[in-house]
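J.: The sequence and its predicted three-dimensional model are supplied below.
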Amino acid sequence: AAEKLELKERIRRLLKEKEAVLVAHYYVDPELQDLAEETGGCVSDSLEMARFGRDHPARTLVVAGVRFMGETAKILSPEKTILMPDLEATCSLDLGCPADEFAAFCDQHPDRTVVVYANTSAAVKARADWMVTSSIGLDIVKHLHEQGKKILWAPDRHLGSWIQKQTGADMLLWQGSCIVHDEFKGIELDLLKAEHPEAKVLVHPESPANVVAQADVVGSTTQLINAAQTLDATTFIVATDNGILHKMRMAAPGKHFIEAPTAGNSATCKSCAHCPWMAMNGLKNLAEVLESGANEVFVDPAIGREAVRAIDRMLDFAA
Ligand code: 13P
Ligand code: SF4
């Protein structure tokens, strides 16, 4: 405990000294989330992380999250220094969508508008017409569908097919998935709901269709936290990374949150309800990168200039 206090103090001091700001995702260690908030940084979903990083005057952003979040920050602000506690923190969606294979897929379907999820590499974004996050993907695809556009979607197949069902858009889907959300199980969720008939079910759309089908609210991490706060219920079943529960409990004190069932438990399943890459962010490596300036995120400027168009389209749409 004394060591943790010392680390936190060091991080607060270094953030000030280096005029840096901490941008954290809801899935990282609760202590990093609290530090981000307390020091004038932000803790939020991927859309808000991108916007906050772009608009903040600090010259250095420390991104506590996964690789694509650091890259998005760099693409939006090439002049800023972007640091990450661990550059190896990636995402199964990003890993499952290599840029060369994705480019070949796009080449086969030149008639389609290319929409990619934020959870992709800079090179994949460079090939896209639009980048979207889970908070706004549905609205953007709806808008494109209304304009008569046919869509090529990558990489998350669950998010893609949920959007497809909601909008009726013509969508060709890349078959990627999130190893964390893929573990939530529909049958077990149904049983758990029977035990808690009063509970409302909050689901992130990276979850399988038979889990999403049972949701009262489907949304991004920020949208799920807002739902926990505003919905008239005291018990919630939550199907997303359990890192979110920290903020949910703060936002809705007195309410009760139950984790949605997964295939295994932490002894048998490495990625059950907690992202192994988000978990690579800790107080220690955060303090170290702030001290040394190591783990800087770089994006090839030519790729960045291509990728920024797809991100800006989303941010303009959201504005
Ligand atoms: P959000 O944009 O909803 O925060 O999601 C990011 C993510 O990686 C979910 O697994
Ligand atoms: Fe990627 Fe899933 Fe981890 Fe989110 S939770 S960063 S989608 S692997």
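T.: All right, it came through fine. Numbering: from 1, shown residues only. Ligands and ions are numbered 1, 2, ... in the order given.

J.: Can you verify my assumption that residue 41 contacts residue 28?
T.: No: judged on Cβ atoms under 8 Å, residue 41 makes no contact with residue 28 at a distance of 11.9 Å. Every C-beta, even on glycine, is put in place using the N, C-alpha and C of the backbone.

J.: Ligand 1 contacts on this protein?
T.: Contact residues, the chain versus ligand 1 (Cβ under 6 Å from any ligand atom): 45-46, 119, 133-135, 178, 204, 206, 220-221.

J.: give me that answer again for 8 Å
T.: 25-27, 44-47, 49, 65-66, 91, 93, 118-119, 133-135, 178, 180-181, 204, 206, 219-224, 240-241, 275, 278 (Cβ under 8 Å from any ligand atom).

J.: pLDDT weak spots in the chain?
T.: 264-271 (pLDDT under 70).

J.: Pull up the residues of it that are close to ligand 2.
T.: Residues of the chain lying near ligand 2 (Cβ under 8 Å from any ligand atom): 25, 27, 65-66, 68, 90-94, 119, 156, 178-181, 206, 241, 271, 275-278.

J.: could you flag which of the residues you listed are buried?
T.: Using 16 or more other Cβ atoms under 10 Å as the burial test, these include 25, 27, 65-66, 68, 90-94, 119, 156, 178-181, 206, 241, 271, 275, 277-278 as buried.

J.: measure the residue in the stretch 101-250 of the chain positioned nearest to ligand 1 to residue 47 for me?
T.: The stretch 101-250 of the chain approaches ligand 1 most closely through residue 220 (3.2 Å), counting by Cβ to the nearest ligand atom. According to Cβ to Cβ, to the nearest Å, residue 220 and residue 47 sit 7 Å apart.

J.: Would you mind listing the residues touching both of the two?
T.: Common neighbours of residue 220 and residue 47, counting by Cβ atoms under 8 Å, 6 or more residues apart in numbering, are 133, 135.

J.: can you tell me which residues contact the most centrally placed residue in the chain?
T.: Ranked by distance to the mean C-alpha position of the chain (Cα atoms, centre = their mean), the top residue is residue 46 at 4.7 Å. Applying Cβ under 8 Å, 6+ apart, we find residue 46 in contact with 25, 65, 69, 72, 118-119, 133-135, 220.

J.: what's the burial count for the closest residue to residue 169 other than its chain neighbours?
T.: The shortest distance from residue 169 to any non-neighbouring residue, by Cβ to Cβ, 6 or more residues apart in numbering, is to residue 145 (3.7 Å). Using other Cβ atoms under 10 Å as the criterion, residue 145 is surrounded by 19 other residues.

J.: which other helices and strands contact the helix or strand encompassing residue 145?
T.: Using DSSP states H and E, residue 145 maps to helix 137-146. Packing contacts for helix 137-146, counted by 3 or more Cβ pairs under 8 Å, 6 or more residues apart in numbering; DSSP states H and E, involve strand 113-117, strand 130-132, strand 151-154, helix 157-167, helix 301-318.

J.: just the angle between that helix and helix 157-167, please?
T.: For helix 137-146 against helix 157-167, the angle by axes from the mean of the first three to the mean of the last three Cα atoms, to 10 degrees is 50 degrees.

J.: thinking again about what came up before, so of the residues of the chain next to ligand 2, which ones are in helices?
T.: Among these, the members falling in helices are 68, 92-94 (criterion: DSSP state H).

J.: Just flag the most distant two among those.
T.: For these, the farthest-apart pair by Cβ to Cβ is 68 and 92; their separation is 11.4 Å.

J.: Flag every buried residue along stretch 81-88.
T.: For stretch 81-88, by 16+ other Cβ under 10 Å, it's 81-87.

J.: okay, these in a markdown table with secondary structure and distance to residue 140 next?
T.: Output for those, formatted as a markdown table (DSSP: H, G, I helix; E, B strand; the rest coil; distance: Cβ to Cβ, whole Å):
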| residue | secondary structure | distance to residue 140 |
| --- | --- | --- |
| 81 | strand | 30 |
| 82 | strand | 25 |
| 83 | strand | 30 |
| 84 | coil | 27 |
| 85 | coil | 31 |
| 86 | coil | 31 |
| 87 | coil | 29 |
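
J.: List just the nearest of these to ligand 1.
T.: residue 84 (14.7 Å).

J.: now residue 23, which residues is it bridged with?
T.: residue 42, residue 63 (DSSP bridges).

J.: if I pick the closest residue to residue 306 other than its chain neighbours, what's in contact with it?
T.: Spatial nearest neighbour of residue 306, excluding adjacent residues (Cβ to Cβ, 6+ apart): residue 126 at 3.6 Å. Applying Cβ under 8 Å, 6+ apart, we find residue 126 in contact with 99, 303-304, 306-307, 310.

J.: Distance check, residue 126 against residue 293.
T.: 27 Å.

J.: Residue 238 too?
T.: 37 Å.

J.: out of these two, which sits in the busier spot?
T.: Between residue 238 and residue 293, counting by other Cβ under 10 Å, residue 238 is the more crowded of the two (25 against 12).

J.: quick one, phi psi at the more buried one?
T.: Main-chain torsions, residue 238, degrees, to the nearest 10: phi -120, psi 120.
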